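**Q** sequence and predicted structure are below.
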Amino acid sequence: MTSGNAPTSSVNRELVTNAIRAAGPSRDRGPVIPVVRLRLASDGHGVLIRVWDSSSQAPVRREAGPDDESGRGLLIVGSLSRDWGSYRTADGKVVWALI
């Protein structure tokens, strides 16, 4: 990995991890796994990351304590992105970030 795509990888990892936690398990078929969708787009100047999950609850930035093992994801996303946000869909939400 080069330093040029490190922010994209970090933001991608945080958004997907948050989506998996928000989506929870799906018991439609087979093993219990959360369902998320990842979409990446680039115009050569930036990368748009969009992650869908089935939860309609908007993401909330938390203040993590020094000993907390989680709670810093959206702080990382905000620090590494030019902009980020979320919107609801008919069947969940999309959280997006522009790198």
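**A** Nice, thanks for sending it over. Given the structure is predicted, the values throughout are model-derived calculations rather than measurements.

**Q** and the top helix by length along the chain, what does it pack onto?
**A** The residue-count maximum for a helix in the chain (DSSP state H) belongs to helix 6-23. Contact analysis of helix 6-23 by 3 or more Cβ pairs under 8 Å, 6 or more residues apart in numbering; DSSP states H and E lists strand 36-42, strand 47-53, helix 73-80, strand 92-98 as its packing neighbours. Using the backbone N, CA and C atoms, a C-beta is placed for each residue, glycine as well.

**Q** contact partners of the longest one?
**A** Residues from elsewhere that reach helix 73-80, judged by Cβ atoms under 8 Å, 6 or more residues apart in numbering: 7, 10-11, 14-15, 17-18, 59-62, 64, 84, 97, 99.

**Q** mind running it again at 7 Å?
**A** The contact list for helix 73-80 (Cβ atoms under 7 Å, 6 or more residues apart in numbering) reads Pro7, Ser10, Val11, Glu14, Leu15, Thr17, Asn18, Pro59, Arg61, Trp84, Ala97, Ile99.

**Q** list the buried residues of the longest helix of the chain.
**A** For helix 6-23, burial by neighbour count (16 or more other Cβ atoms under 10 Å) applies to 7-8, 10-12, 14-16, 18-20, 22-23.
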